[in-house]
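Undergrad: Just the structure for this:
(one chain, ligands or ions: 1)
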Amino acid sequence: MKILLTGASGLVGSAFAQAATRRGHHVTGLVGTFSGEIPGVATKRTADLTDETALMGTVLEVFPDAIVNCAAVSEPVQCDADPARAQALNVALPALLARLANHLSARLIHLSSEQVFDGASDDAYTVKHPVKPINLYGRQKAESERLVHTAAPEFAITLRAPLLTGNSLTGKRSLHERLFADWSAGKTPKVYTDEIRQPCTAANLAEIMVELLERNDVRGVFHWAGADALSRHELARRIRAHFKLSDTAAPLEPVTRSADPRAASKRQASLALDLKPLAGVVKTPIETFDAQLDQFIIPPAFRAWYFSA
Ligand SMILES: NC(=O)c1ccc[n+]([C@@H]2O[C@H](COP(=O)([O-])OP(=O)(O)OC[C@H]3O[C@@H](n4cnc5c(N)ncnc54)[C@H](OP(=O)(O)O)[C@@H]3O)[C@@H](O)[C@H]2O)c1
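TA: Got it, this is the predicted structure:
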């Protein structure tokens with residue numbers, strides 16, 4: 001399959017390029033500022049995805065069988081800092097890609113987030129649960145889902161992803177990489193004991209994306225995540241233990257949501273996802289957190305610190 005991949009340099013995009021290429025697909029990867037090599041990308045192009053005219057030209061030139069959208073302003077804090085840029089990348093871009101996919105009869109995979117939910121439910125969120133975002137990022141993701149499936153109802157798949165783990169191209173993007181960055185800088189990261197997340201690796205998410213792309217009968221909105229819903233504190237503690245770091249070299253400050261109610265109003269307490277209908281009917285395994293830990297490498301930029309810690 002000829003695949004056009006946006007966000008090829010990001011945490012998910014780079015994992016997707018490798019997973020798709022392993023399955024024999026040809027990936028044209030679009031990047032913004034990243035200048036290095038991306039394993040799995042056959043053709044790399046630099047593009048400003050906020051330039052709609054240029055993007056339309058690129059899509060029509062590549063004429064892909066499938067479009068995979070991994071570009072985004074992927075962090076709530078960055079959305080709040082520049083809402084217009086976030087709106088362009090998180091809403092206008094997927095809407096345009098969906099119109100183009102519909103025009104070309106190409107499959108589209110769009111990534112959304114668990115953060116379309118408010119996090120106030122003790123139960124895992126099902127795909128039928130009404131969305132109720134509590135921050136700008138979540139509102140933009142919810143809007144993108146609506147626009148994508150209106151524009152390309154026959155061709156679009158949206159996957160709502162959880163907090164992602166794994167190894168990024170920059171070595172500074174994922175959960176354990178950020179902890180390493182803090183620890184190596186002598187900082188003590190604050191970790192919530194009462195915020196529950198259900199992470200999976202970007203590589204595992206990439207695998208299910210490829211699997212769904214290869215099945216012509218699948219369309220609509222789906223959930224994907226790992227097998228374990230754990231507090232952020234527990235996740236960090238297990239990362240520290242996995243790398244055999246002491247709590248002196250790698251300190252953590254456990255905090256609760258009640259310590260900062262203003263911040264908590266934009267952060268979801270519990271974002272467990274119900275993986276039906278995919279669970280049990282797909283080949284991609286649902287990863288335990290232990291299985292994820294086994295895949296984490298020491299980020300190259302922090303190796304010297306790690307071996308002296
Ligand atoms: N990471 C998570 O924990 C998580 C959780 C749930 C859902 N998601 C969703 O999953 C998707 C992928 O997230 P991610 O974590 O892989 O994102 P990421 O690592 O932050 O990567 C973002 C990508 O977007 C590209 N990009 C941004 N602005 C651009 C522009 N103007 N023109 C061209 N490219 C641009 C970046 O390119 P350059 O770096 O080359 O500039 C990069 O490749 C997003 O939709 C995100 O919302 C992520």
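
Undergrad: Show me which residues of this structure sit near the ligand.
TA: 7, 9-13, 31-34, 47-50, 70-72, 74, 89, 111, 113, 161, 163-164, 173 (Cβ under 6 Å from any ligand atom). Heads up, the C-betas are built off the backbone N, CA and C, glycines and all.

Undergrad: residue contacts, residue 17?
TA: Counting by Cβ atoms under 8 Å, 6 or more residues apart in numbering, residue 17 touches 5, 8, 27, 29, 38-41.

Undergrad: got a pLDDT number for it?
TA: Here the pLDDT value assigned to residue 17 is 98.

Undergrad: Likewise for the one 3 residues further on?
TA: pLDDT, the model's per-residue confidence, is 98 for residue 20.

Undergrad: ok so it is a strand residue?
TA: No. Judged by DSSP: H, G, I helix; E, B strand; the rest coil, residue 20 forms no part of a strand; its state is helix.

Undergrad: Name the member of the contacts of residue 17 that has the highest neighbour count.
TA: The most crowded member of these, judged by other Cβ atoms under 10 Å, is residue 5 (31 neighbours).

Undergrad: Near the residue nearest to residue 214 when sequence neighbours are not counted, how many other residues are there?
TA: Of all residues not flanking residue 214 in the chain, residue 23 sits nearest, at 7.2 Å (Cβ to Cβ, 6 or more residues apart in numbering). Residue 23 has 12 neighbours, counted by other Cβ under 10 Å.

Undergrad: ok, residue 23 to the ligand distance?
TA: To the ligand, residue 23 is 19 Å away according to Cβ to the nearest ligand atom, to the nearest Å.

Undergrad: wait, that residue sits on residue 209?
TA: No. Under the criterion of Cβ atoms under 8 Å, residue 23 makes no contact with residue 209, lying 10.8 Å away.

Undergrad: tell me which residues in stretch 176-190 are buried?
TA: Of all the residues in stretch 176-190, those buried under the rule 16 or more other Cβ atoms under 10 Å are 176-177, 179-184, 189.

Undergrad: for stretch 74-82, same thing?
TA: For stretch 74-82, using 16+ other Cβ under 10 Å, the buried residues are 74, 76, 78-79.

Undergrad: again with stretch 102-111
TA: Quick answer for stretch 102-111 (16+ other Cβ under 10 Å): 102, 104, 106-111.

Undergrad: So which of those sit within helices?
TA: Among the buried residues of stretch 102-111, the ones falling in helices (DSSP state H) are 102, 104.

Undergrad: In the buried residues of stretch 102-111, find the pair that's most separated.
TA: By the measure Cβ to Cβ, 104 and 111 form the most distant pair in the buried residues of stretch 102-111, at 19.7 Å.
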